[in-house]
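In: no sequence for this one, just the structure:
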Ligand SMILES: Nc1ncnc2c1ncn2[C@@H]1O[C@H](COP(=O)(O)OP(=O)(O)OP(=O)(O)O)[C@@H](O)[C@H]1O
């Protein structure tokens, strides 16, 4: 178990020397700064456990920075001040940030406080190493106890009981398919099938047959009757995934069934009544897709009787660590093992922006699980840097390049660096393999049109 880390910001050199004589400092890994302007950023970047701040000029900007970056709850603070009333330090104390010592300082009290910090930090670390269970709430197949998820559960519970079509919007890997599954499970249709169709991967020749089925002999190769998804899902729920990726000419066919409530299998004279609840999903902004003429507005309004947004993982702060433990606990149960996770690792997980959402988090834990013998340590985490960081690090992005071109470049580069391996590429980019195929198909079509 490593030593906890302590950050000291101090420009009073004499005081610093006195502090450094405190024996308890040996128990910490200490970082010292005298940079009056940059200390808050240094504190944030360093992932520290505790901090001693000489708060001569502590003002609103400092308070806002520490508050916005959640440092008040993550770090144990000791503030040292001249004793002049300071409302921002008072606010820090009200938020439970730690201790405020006023001049003249009693070094032995500061020392005792640091010893207390050390003791409970060490205890936290030991406890965290034993973390092997999941303690999150679950609704249907969805796991999470953050405010955003609890709100989503309430909405799902309400909408599931109606017959309204639901349109789910959310980033790739955020859990749209699980939401669709959960709506089905919580609805009256739960005893009937849930059928998922990837609308972006429909073959143009077979789209009618996939949607509505065909009868034997309807076309060459139709050796027997085939049920389309509307029939397969009869009485249940039809999940239209990536619906905005469906070619426009196919969207018309879908719209017709939704309007008339009827469909006819290819080659059949009989009209069937549709009896499905439609739940559709996309990771695009639907209004943008409509404006870009990729998605029919009339179809959107048919599908979006009830629009539902799945929040990205980065907005579900409290769930990140819970989900990490949840995936670890499941892996342990599957493998009949007892691996655990270190506190520092959990901190790194919490600080990551998770561009690939829950899927990326799940894969990260599963990879770390394989690499770790008993305890998952920070070096076992293979975290993808966000595209933004990579751009900041110097990838050449010409000004004015469209987002679509940027996306294509990122996909092609990642694919090349993985020697064409699509599942590794999808995993690194934080998208599903099926989304990757869709996008590659689209680039191919486009280059076909261009050439
Ligand atoms: N709230 C959650 N609780 C547990 N697991 C989750 C949750 N959200 C997502 N996952 C897991 O993350 C992965 C991705 O989820 P899902 O396929 O539902 O995402 P999606 O938004 O439909 O992705 P895509 O847009 O790529 O199709 C799955 O392995 C799923 O089990």
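Out: Everything's here; your move. Small disclaimer: the values here were computed from a predicted structure and weren't measured. Numbering: from 1, shown residues only.

In: immediately after the lowest-mean-pLDDT helix or strand in the chain, which helix or strand?
Out: Here the helix or strand of the chain ranked lowest by mean pLDDT, DSSP states H and E is helix 387-392, holding a mean of 40. The element immediately downstream of helix 387-392 (helix or strand, assigned by DSSP states H and E) is helix 403-417.

In: counting by contacts, list what that next one packs against.
Out: On a contact count with 3 or more C-beta pairs under 8 Å, 6 or more residues apart in numbering; DSSP states H and E, helix 403-417 meets helix 422-429, helix 433-450. C-beta here means a position set from N, CA and C on the backbone, and glycine is covered the same way.

In: most tightly surrounded among those?
Out: Neighbour counts (mean count of other C-beta atoms under 10 Å) averaged over each of the helices and strands packed on helix 403-417 peak at helix 422-429, with a mean of 20.

In: could you give the angle of that helix to helix 403-417?
Out: Relative orientation of helix 422-429 versus helix 403-417 (axes from the mean of the first three to the mean of the last three C-alpha atoms, to 10 degrees): 130 degrees.

In: confidence-wise, which of the helices and strands packed on helix 403-417 is weakest overall?
Out: Among the helices and strands packed on helix 403-417, helix 433-450 has the lowest mean pLDDT, at a mean of 72.

In: need the residues of the protein near the ligand, please.
Out: Within the chain, the positions near the ligand by C-beta under 6 Å from any ligand atom are 142-144, 170, 172-178, 241, 283, 358-359, 362, 431-432, 435.

In: spatially, what comes nearest to the residue of the stretch 201-350 of the chain found nearest the ligand if we skip its sequence neighbours?
Out: Of all residues in the stretch 201-350 of the chain, residue 283 sits closest to the ligand, at 4.7 Å by C-beta to the nearest ligand atom. By the measure of C-beta to C-beta, 6 or more residues apart in numbering, the closest residue to residue 283 outside its immediate chain neighbours is residue 172, 4.8 Å from it.

In: quick one, what contacts residue 178?
Out: 140, 141, 142 (C-beta atoms under 8 Å, 6 or more residues apart in numbering).

In: let me see the contact set for the first one.
Out: Counting by C-beta under 8 Å, 6+ apart, residue 140 touches 156, 178, 181, 182, 183, 185, 186.

In: after the stretch of helix or strand the second one belongs to comes which helix or strand?
Out: Taking DSSP H and E as the definition, one finds residue 178 inside helix 176-185. Stepping forward along the backbone from helix 176-185, the first helix or strand reached (DSSP H and E) is strand 194-198.

In: and the residue of the stretch 51-200 of the chain closest to the ligand?
Out: Counting by C-beta to the nearest ligand atom, the stretch 51-200 of the chain gets nearest the ligand through residue 175, at 2.7 Å.
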